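A.B. asks: Next one to model:
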Amino acid sequence: MPKIIFIFFLMFCLPLNCSQAAKADDTWLNPAYDFTEYKAFTGHSRGIKSVSWSPDNTKAVSVGSNGSIHTWDTTSGDELGKVIGFQKAIYSVAWSTDGKQIAFAQEDNKIIIRNEKLIKEATLIHSENPILYTHSPLNAVKSVVWSKDSTKLISASFNGTIVVWDMKTTTKIITLNEDIESLQDLKARKRYAITALALSPDQTKLASSSLDGTITIWNMHTYEVIYIDYEKSKHVVTSLAWSPDSKLLASSDSDHKIEIWDFHTRKVLKKLTGHTDIVKCISWSPKGELIASASEINDPTIRIWNVNTGSELNKIESHKAAVTSIAWSPDGTKILSGSNDRTVKVSEINSKQRLNILTEHKEPVTTVAWSPNNKFLASASQDNTIIIWDAQTHKEIRKLLGHTDTVKTISWSPDSSKLVSASTDKTMRIWDANSGKELNTVLNAIITCVAWSPNGLQIASIDWNKKLKIWSCELQLLNWFHSAYPLLSVIWSSDNSKLIFSGFNQEIKTLNLNFFKHKYFEAADQLENLSQNVEFLGGHNNNICCLAQIPHSNKFVSGSDDNTLIIWDESTNEKSMALEGHIDKVRSVACSPCGNLISSGSFDNTIRLWDANTGKVLNVLLGHKDKINSIAWSPDGKQLASGSSDNTVIIWGNNSNGSSSLKN
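C.D. replies: Residues are numbered from 1 along each chain as shown. Okay, the predicted model is just below:
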């Protein structure tokens with residue numbers, strides 16, 4: 001039997017009608033996430049000031065207010081190393097993006113650079129003109145941030161200056177706000193103290209905030225000020241964080257709120273309220289759909305927010321004192337937090353909509369398909385196999401063996417009795433779904449996509465020889481179309497009158513089949529080239545890899561390597577709407593049975609649910625650890641299956657009883 005991490009499953013027997021399925025669609029609109037305590041690290045004798053992940057997710061570093069440093073194995077929970085006895089508080093810690101160095105910002109005007117074994121490698125002096133009083137808080141280095149390539153380090157001080165360092169030579173490139181150092185009035189200098197620092201992921205912008213509430217944006221190429229916002233003067237800005245696409249800036253303040261700004265328009269898009277004390281720190285999830293925030297002693301919680309809606313999704317109450325630092329793991333599955341309760345904790349995210357994980361495949365899952373009768377789910381893989389699962393219990397029924405290389409694509413017959421598959425072994429095969437018996441096989445070029453016609457009479461295929469072919473259900477070739485470029489996806493119109501296909505030239509083509517009425521040909525020289533019946537659509541800026549018909553409409557949707565989706569009007573062949581949000585290639589798209597929702601799977605490891613009418617992102621599903629290759633809705637709209645390069649199939653659906661997800 002397959003190994004299944006069982007979380008929850010929905011029982012159903014009969015397909016719903018459209019109104020019922022529409023209600024099933026509605027249950028996907030409110031994302032909800034559980035967080036479970038994954039690890040707790042104890043060893044600090046004073047409160048935690050800052051935490052940071054290693055780039056590979058396997059280690060973490062934490063620093064205390066007494067200057068102690070600890071590194072941890074985040075999987076086993078073991079302490080890997082520690083340094084104590086500094087007697088100088090460390091305000092910030094940052095692991096370099098190449099994983100080789102860790103930077104520590106100290107209260108005595110110094111930045112200490114150590115390797116992951118905590119052996120000291122360099123000491124950087126932030127200011128050449130420190131405050132004369134040795135213990136002045138204005139000497140403290142507040143924050144350190146690494147550049148994406150680890151060649152630069154940026155440090156910010158309570159004295160109001162920001163230094164950009166060349167880490168190959170450990171020398172200063174430039175000091176920003178250098179004129180502040182000449183101020184002799186300590187009260188005047190205090191208002192310029194840097195309270196937060198954030199480098200945009202695209203490395204072009206640096207955001208800083210000062211004690212007087214000002215936010216300044218710097219151009220990282222010219223080191224000139226791009227923008228200054230004085231409107232926050234009533235409240236101290238405590239933390240800044242850029243979205244992964246560098247378009248939005250989130251800020252938290254002493255007024256207990258978080259604001260999300262559009263950098264280009266300078267307008268506040270969302271205000272996140274719910275904390276009841278000063279928000280100490282904020283952090284974007286790596287995919288940009290969530291923000292985590294943490295608060296002071298009267299509200300020692302970590303809260304998770306939906307960026308699109310501004311709603312609070314979850315509140316983590318694992319610490320007993322102020323939460324001083326939080327950080328998402330690079331893979332987006334965990335949150336690292338440090339607190340004045342002297343503990344460092346790792347919380348793991350579990351979507352309440354993740355019902356089951358099917359882990360029988362030994363290699364990446366290439367495609368998934370739900371049977372029209374709602375009884376079976378089929379998945380195919382680079383392990384050369386096809387597995388048919390029970391749609392209710394999610395248990396394996398049978399494994400189809402015969403292909404000798406990666407199974408690229410599968411499609412069910414409308415009556416759910418047969419399954420067609422194609423592989424890089426250059427064969428296309430028809431299987432009896434009930435017995436698992438192979439019924440027919442044909443040799444062909446490598447086929448990238450197959451689609452059974454809605455009337456069940458033909459099968460369409462596209463291949464690396466740039467041909468779209470139409471076959472009978474016995475795999476007899478009926479007709480073909482030759483393309484000028486390799487093809488990637490093909491779908492049938494609901495009335496069987498058209499084929500819509502796409503590929504490498506950023507165009508979508510529709511092939512009118514009205515003139516073609518089940519004509520059979522006995523020899524290759526009798527086949528017709530159907531190019532005169534092709535219409536062209538354009539709109540994407542890269543390969544168009546996936547297509548899906550939107551039920552009960554005259555529209556279809558396409559997904560592309562340009563990270564976007566486009567909704568098309570089939571009657572006019574015109575673009576209706578563009579959907580933007582993924583940060584990597586969109587390689588799979590599917591529509592809910594009643595056409596209310598569009599789901600898309602991406603190489604950014606996420607599934608997004610969109611409103612098919614407005615184009616608004618309604619939900620983001622997290623759970624896969626690698627790129628998503630295929631998604632498919634159950635016919636009743638209650639469940640969604642996804643196949644990934646992490647070798648798993650995940651079944652998604654709403655845990656309607658509100659119970660927490662279980663872990664194996």
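
A.B. asks: Tell me the secondary structure at the closest residue to D569 other than its chain neighbours.
C.D. replies: Once flanking residues are discounted, D569 sits nearest to S576: 5.1 Å by CB to CB, 6 or more residues apart in numbering. Bear in mind the C-beta positions are built from the backbone N, C-alpha and C, glycine included. With DSSP: H, G, I helix; E, B strand; the rest coil as the basis, S576 sits in strand.

A.B. asks: need the contact list for S576.
C.D. replies: By CB atoms under 8 Å, 6 or more residues apart in numbering, the residues touching S576 are K555, I566, I567, W568, D569.

A.B. asks: list the buried ones in stretch 47-62?
C.D. replies: 47-55, 57, 59-62 (16 or more other CB atoms under 10 Å).

A.B. asks: got JSON lines for the residues you listed, with distance to T161 too?
C.D. replies: Shown next, in JSON lines, are those (distance: CB to CB, whole Å):
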{"residue": "G47", "distance to T161": "27"}
{"residue": "I48", "distance to T161": "26"}
{"residue": "K49", "distance to T161": "20"}
{"residue": "S50", "distance to T161": "20"}
{"residue": "V51", "distance to T161": "25"}
{"residue": "S52", "distance to T161": "23"}
{"residue": "W53", "distance to T161": "28"}
{"residue": "S54", "distance to T161": "29"}
{"residue": "P55", "distance to T161": "28"}
{"residue": "N57", "distance to T161": "34"}
{"residue": "K59", "distance to T161": "31"}
{"residue": "A60", "distance to T161": "29"}
{"residue": "V61", "distance to T161": "25"}
{"residue": "S62", "distance to T161": "27"}
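
A.B. asks: so I180 sits in a helix?
C.D. replies: Yes - judged by three-state DSSP, I180 forms part of a helix.

A.B. asks: Now do it: how many residues are near it, please.
C.D. replies: I180: 18 surrounding residues under other CB atoms under 10 Å.

A.B. asks: Also I388?
C.D. replies: 21.

A.B. asks: Tell me which helix or strand it sits in.
C.D. replies: Using DSSP states H and E, the element containing I388 is strand 386-390.

A.B. asks: Next secondary structure element downstream of that strand?
C.D. replies: By DSSP H and E, the next helix or strand past strand 386-390 is strand 396-400.

A.B. asks: Could you pull up the mean pLDDT of that next one?
C.D. replies: Averaging pLDDT along strand 396-400 gives 95.

A.B. asks: who does that strand touch, helix- and strand-wise?
C.D. replies: Judged by 3 or more CB pairs under 8 Å, 6 or more residues apart in numbering; DSSP states H and E, the packing partners of strand 396-400 are strand 386-390.

A.B. asks: contact partners of the strand it packs on?
C.D. replies: Under CB under 8 Å, 6+ apart, the answer for strand 386-390 is 2, 358, 360-361, 375-381, 395-400, 403, 407, 410, 419, 421, 431, 433, 436, 649.

A.B. asks: For the protein, give me the ranges with low pLDDT.
C.D. replies: Low-confidence segments of the chain (pLDDT under 70): 1-34, 85-87, 129-138, 181-188, 230-234, 350-352, 515-535, 654-664.

A.B. asks: Go again with 50.
C.D. replies: 1-24, 132-135, 232-233, 517-528, 656-664 (pLDDT under 50).

A.B. asks: those helices in it, which residues are they?
C.D. replies: 18-26, 186-190 (DSSP state H).

A.B. asks: Stretch 407-421: which residues count as buried?
C.D. replies: For stretch 407-421, burial by neighbour count (16+ other CB under 10 Å) applies to V407, K408, T409, I410, S411, W412, S413, S416, K418, L419, V420, S421.

A.B. asks: Could I get the full set of strands for the stretch 551-664 of the chain?
C.D. replies: Taking DSSP state E, counting those that start in this stretch, the strands of the stretch 551-664 of the chain run over residues 555-560, 564-569, 574-580, 586-591, 597-602, 607-611, 617-621, 628-633, 640-644, 649-652.

A.B. asks: Adjacent strands (with direction) for the shortest one?
C.D. replies: Applying DSSP bridges to the sheet, strand 649-652 is found paired with strand 354-358 (antiparallel), strand 640-644 (antiparallel).

A.B. asks: The last one versus strand 607-611: what angle between them?
C.D. replies: Here strand 640-644 points in a direction 140 degrees away from that of strand 607-611 (axes from the mean of the first three to the mean of the last three CA atoms, to 10 degrees).

A.B. asks: Can you tell me what sits against strand 640-644?
C.D. replies: 364-368, 370, 377, 379-381, 588, 590, 599, 601, 605, 607, 621, 624-634, 649-653.
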